[in-house]
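# Predicted structure and sequence below. I'll ask about it afterward.
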Amino acid sequence: MIDLHSHTNESDGSLTPKELIDLALRTGLEALAITDHDTFSGYEKALPLAQAAGLDLVHGIELNSRVSVNGARYAHILAYFVSHAPGSEFVSWLSETRRERAERNEKLAASLRANGVEITLADVEKKGRSLTGRPHFARVLVEKGYAKSLEDAFQRYLGEEAPSYVHRESLTTAETVALVRAGGGIPVVAHPIRLAMDRAAERAFLEEAKAAGLLGLEVYHSEHSPALQQYYLGLAHELGLLPTGGSDYHGPSVKPDIELGTGRKGNVSVPLAFLTGLRAF
Ligand code: AMP
Ligand code: ZN
Ligand code: FE
Ligand code: FE
């Protein structure tokens with residue numbers, strides 16, 4: 001069993017890199033990718049621990065991208081094996097991205113206050129390490145009694161449909177994919193179900209992204225039903241995209257219903273061949 005999509009508390013997961021590696025070993029994973037949002041620091045902290053324990057730790061990251069130039073729809077891009085040499089074009093761009101995220105967070109705190117929530121960015125930043133994201137806001141909203149659960153906090157305050165929502169200024173999917181390729185990485189469209197497109201639009205989007213350099217599609221994911229996983233496996237094959245998969249594990253206090261390696265109620269099971277395929281590219 002392998003898992004190519006997971007988060008530590010260096011982004012918005014709840015386990016430390018060490019706790020995640022310990023869990024991967026207890027779970028018996030043969031390989032694990034840490035794909036934190038916008039940072040490699042969880043991977044970097046985990047690497048010596050994984051090496052000492054003989055766990056194959058895969059280098060990854062998850063990036064936000066805009067589906068079209070003016071659109072409000074987003075696609076998450078997983079990037080495997082992209083250059084993380086200090087000073088690389090990719091790493092410089094990442095620090096720009098984190099600055100943009102910090103600006104969005106300031107706007108989001110102000111927008112919440114304008115909507116009657118007593119919250120400061122400092123309250124939220126205490127929850128994050130390398131970076132702060134909406135799940136950290138959600139935890140503070142629950143603690144302060146503004147929401148019943150993290151999901152409720154997204155519905156009422158943080159999600160794309162909520163009145164206080166603040167969008168991010170991300171590159172387009174085509175630009176993001178090209179940047180990953182320029183850094184020597186393998187770009188993959190994460191959890192395509194979240195694109196919330198009909199099948200024709202989704203296929204056209206993936207074809208366009210492939211023309212821009214997209215190499216893979218996340219077929220297995222905690223939010224994909226078994227039938228959908230079969231559909232995406234066929235689609236990846238038809239479009240000539242490498243299939244990947246992972247649980248998108250965020251830890252017990254962020255997404256308690258998702259297990260490392262096996263996803264939601266055992267709906268994820270990623271073959272080692274997917275990783276072999278990525279490495280062989
Ligand atoms: P951010 O990177 O700050 O925009 O936050 C995005 C993260 O919030 C995603 O990666 C998810 O982990 C989480 N998220 C987004 N929408 C929801 C939702 N409706 N319910 C729970 N978590 C969500
Ligand atoms: Zn996340
Ligand atoms: Fe994602
Ligand atoms: Fe993720």
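Cool, the structure landed. The structure presented is a predicted model; accordingly, all values stated were derived computationally and were not measured. Ligands and ions are numbered 1, 2, ... in the order given.
# Next, work out how far apart Thr173 and Val180 are.
Distance, Thr173 to Val180, using Cβ to Cβ, to the nearest Å: 11 Å. Using the backbone N, CA and C atoms, a C-beta is placed for each residue, glycine as well.
# Over to Asp123?
Asp123 is 34 Å from Val180, by Cβ to Cβ.
# Give me the more crowded residue out of those two.
Shown here are Asp123 and Val180; by other Cβ atoms under 10 Å, Val180 has more neighbours (27 against 17).
# Check whether the lengthiest strand in the chain comes near ligand 2.
Looking across the chain with DSSP state E, the single longest strand is strand 56-66. No: using Cβ under 5 Å from the ion, strand 56-66 stays clear of ligand 2, with a minimum separation of 7.1 Å.
# Look at the closest residue to ligand 2 within the stretch 1-150 of the chain and say how many residues are nearby.
Residue of the stretch 1-150 of the chain nearest ligand 2, by Cβ to the ion: Asp12 (4.2 Å). Neighbour count of Asp12, defined by other Cβ under 10 Å: 25.
# Now the longest strand of the chain: buried residues?
Residues of strand 56-66 classed as buried by neighbour count (16 or more other Cβ atoms under 10 Å): 57-66.
# so which two of these are the farthest from each other?
Leu57 and Arg66 (30.1 Å; Cβ to Cβ).
# Mind pulling the model confidence for Ala72?
Note for Ala72: predicted pLDDT of 76.
# and it, how many neighbours does it have?
Neighbours around Ala72, by other Cβ under 10 Å: 10.
# Spatially nearest residue to it (excluding sequence neighbours)?
Of all residues not flanking Ala72 in the chain, His167 sits nearest, at 6.1 Å (Cβ to Cβ, 6 or more residues apart in numbering).
# how about that neighbour, what does it touch?
Contact analysis of His167 by Cβ atoms under 8 Å, 6 or more residues apart in numbering lists 72, 104, 160.
# surely the first one meets Glu161?
Read that as Ala72. No: the criterion here is Cβ atoms under 8 Å, and Ala72 misses it with Glu161 at 10.5 Å.
# Next, the buried residues of the helix or strand harbouring Ala110.
Using DSSP states H and E, Ala110 sits within helix 89-114. Buried residues in helix 89-114, counted by 16+ other Cβ under 10 Å: 90, 94, 97, 100-101, 104-105, 108-109, 111-112.
# What of stretch 185-193?
Quick answer for stretch 185-193 (16+ other Cβ under 10 Å): 185-192.
# Cross those residues against helices and list the overlap.
Residues of the buried residues of stretch 185-193 located in helices (DSSP state H): none.
# Surely Ala75 and Ala196 touch.
No: the pair Ala75 / Ala196 is not scored as a contact, 10.6 Å apart, by Cβ under 8 Å.
# quick one: the residue of the chain most remote from its centre and Ala109, what's the gap?
Ranked by distance from the centre of the chain (Cα atoms, centre = their mean), the top residue is Gly116, with 29.9 Å. Distance of Gly116 to Ala109, given as Cβ to Cβ: 13 Å.
# now Lys45
28 Å.
# need the strands for the protein, in chain order.
2-3, 31-34, 56-66, 74-80, 186-189, 216-221, 242-246, 258-259, 263-264.
# His136: which of these is closest?
The nearest among these, by Cβ to Cβ, is strand 56-66 at 15.7 Å.
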